[in-house]
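Asker: what's the 3D shape of this:
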Amino acid sequence: MSPVRDLVEIGMGRTARRSYDLQQIEIVPSRRTRSSKEVTLGWQLDAYRFEIPLMTHPTDAVVSPASAVRIGQLGGLPVLNAEGLWARHGDADAALERVLDAADTGDESAAIRLLQELHAAPIQPDLLAEALKTVREAGVTVAVRVSPQRAREITPTLLAAGVEILVVQGTIISAEHVSQGEPLNLGEFIMGLDVPVVAGGVGDYRTAMHLMRTGAAGVIVGYGESTGTTTDAVLGIGVPMATAIVDAAAARRDYLDETGGRYVHVIADGGMAGSGDMAKAIACGADAVMLGEQLAASSESPAGGLYWTSSAAHPALPRSEITVQDTGDRTLEQVLFGPSDSPYGDVALFSALRRAMAKTGYSDLKEFQKAGLTVRG
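Answerer: I've put the predicted structure just below:
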């Protein structure tokens, strides 16, 4: 089954699909409301249950071993970057301080060059194992991100260190990455693992379906679009998130029918300025949201309020700026649950999601995925 496409003519003989960002749609209230105390935000990925539908964007700016523990204690799923600073430097905190100092000079290029330099250091398996040990011993689910290019190389180390959920994530991912060397066949790769794999990002129905057929437990939609990402400017590639999430949810439904009941989770990554957009992402069909920039506004953020994605350190083509978030001395718990002193949806993110579900009459995330939607004229 292929999704119905709304095509518009953009010139002689050339059409393009009309698509929508989250800011262009609204949630329609139902005929009932309910108390927010009757709303549950829990979700389950494979055998692992979480109290809020949160995965972290795997960036050193947000996820250190210490912050991963705190995020897990608050009910979310932290994802550590297996190719980041904690895997390459014995004193990752000192490395981060150098980045902060470079950013303070106001020279954006200097900070990016430093990130590239720091990520040129080799990955050290013992450092990676030590970082994951901190998370595991705190009783928090151990989830780690690898790039498609290095998944085959790094994964044995991760498995030996006790990784429970593996996230294979690139800006854009496919079921089979073609290169001059041996390609990563994601289906064969996942089949050989005993841990659930979440893969992404994708932006359309067909790619989402292909990834689901590899055996992935979850599919990431989007590439972490935020105020700092420059993928659209550098590559000309964009992911209108509302349409992309709806398409991936359609693939999930068709794959569920195809397999006779195998459910693959859809995780929305990017294009969410605040809690209202998070609610719209769930209403479009996402099971969870992947947040980074929003969490960088916590005083417990390892980068002290700075934010960038892992693509900022790409050695040849960085695609993320280093942006400054206003922490306002808010704890991570305040950012997630409040109380809020901001009227803009950037604090108490999941309390706001709970209230949005209550105001529209839905008691859990699966029900909320069926909410009515309208498009702004």
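Asker: For burial, what's the neighbour tally of the residue nearest to Gly72 when sequence neighbours are not counted?
Answerer: In this structure, Gly72 finds its nearest non-sequential neighbour in Val140, 3.0 Å apart by Cβ to Cβ, 6 or more residues apart in numbering. To be clear about C-beta, it is placed using only N, CA and C from the backbone, and glycine gets the same treatment. If you count neighbours by other Cβ atoms under 10 Å, Val140 ends up with 20.
Asker: In three-state terms, how would Val140 be classified?
Answerer: Under DSSP: H, G, I helix; E, B strand; the rest coil, Val140 falls in the coil class.
Asker: if I pick it, what's in contact with it?
Answerer: The neighbours of Val140, taking Cβ atoms under 8 Å, 6 or more residues apart in numbering as the test, are 68-69, 71-73, 78.
Asker: just Leu127 next, same as before
Answerer: Applying Cβ under 8 Å, 6+ apart to Leu127 gives the contacts 86-90.
Asker: Which of those fall in strands?
Answerer: Under the assignment DSSP state E, the contacts of Leu127 contribute nothing to strands.
Asker: How about the backbone phi and psi for Ser109?
Answerer: phi -60, psi -40 (degrees, to the nearest 10).
Asker: Next one: it from Ala312, what distance?
Answerer: With distances taken as Cβ to Cβ, to the nearest Å, Ser109 is found 12 Å from Ala312.
Asker: what about those two, which has more around it?
Answerer: Using other Cβ under 10 Å as the criterion, Ser109 and Ala312 rank with Ala312 on top: 24 against 9.
Asker: quick one: that one is in a helix?
Answerer: Yes. Counting by three-state DSSP, Ala312 is located in a helix.
Asker: With pLDDT and neighbour count added, can I get the contacts of Val140 in CSV?
Answerer: CSV is the format used below for the contacts of Val140 (pLDDT from 0 to 100; neighbours: other Cβ atoms under 10 Å):
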residue, pLDDT, neighbour count
Ala68, 98, 29
Val69, 98, 18
Ile71, 98, 27
Gly72, 98, 20
Gln73, 98, 14
Pro78, 98, 27
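Asker: From Ser301, how far off is the residue nearest to Gly72?
Answerer: In terms of Cβ to Cβ, Val140 sits 17 Å off from Ser301.
Asker: Kindly report the same for Thr230.
Answerer: 21 Å.
Asker: More neighbours: these two, which one.
Answerer: Applying other Cβ under 10 Å to Thr230 and Ser301 shows that Ser301 carries more neighbours, namely 22 against 16.
Asker: OK, contacts around Gly72?
Answerer: For Gly72, the contacting residues are 78, 135, 138-141, by Cβ under 8 Å, 6+ apart.
Asker: Which two among the residues you listed are spaced furthest apart?
Answerer: Pairwise distances across these (Cβ to Cβ) peak at 12.6 Å, for the pair Pro78 and Gly139.
Asker: CSV please, covering the contacts of Gly72 and showing distance to Leu128.
Answerer: Formatted as CSV, these follow (distance: Cβ to Cβ, whole Å):
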residue, distance to Leu128
Pro78, 15
Val135, 11
Ala138, 17
Gly139, 20
Val140, 16
Thr141, 17
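Asker: Now do stretch 310-330: distance from first to last residue.
Answerer: Distance between the two ends of stretch 310-330: 24 Å, counting by Cα to Cα, to the nearest Å.
Asker: Just the buried residues of that stretch, please?
Answerer: Buried residues in stretch 310-330, counted by 16 or more other Cβ atoms under 10 Å: 310-314, 318-325, 327, 330.
Asker: distance of Tyr48 from Pro196?
Answerer: Separation of Tyr48 from Pro196 (Cβ to Cβ): 8 Å.
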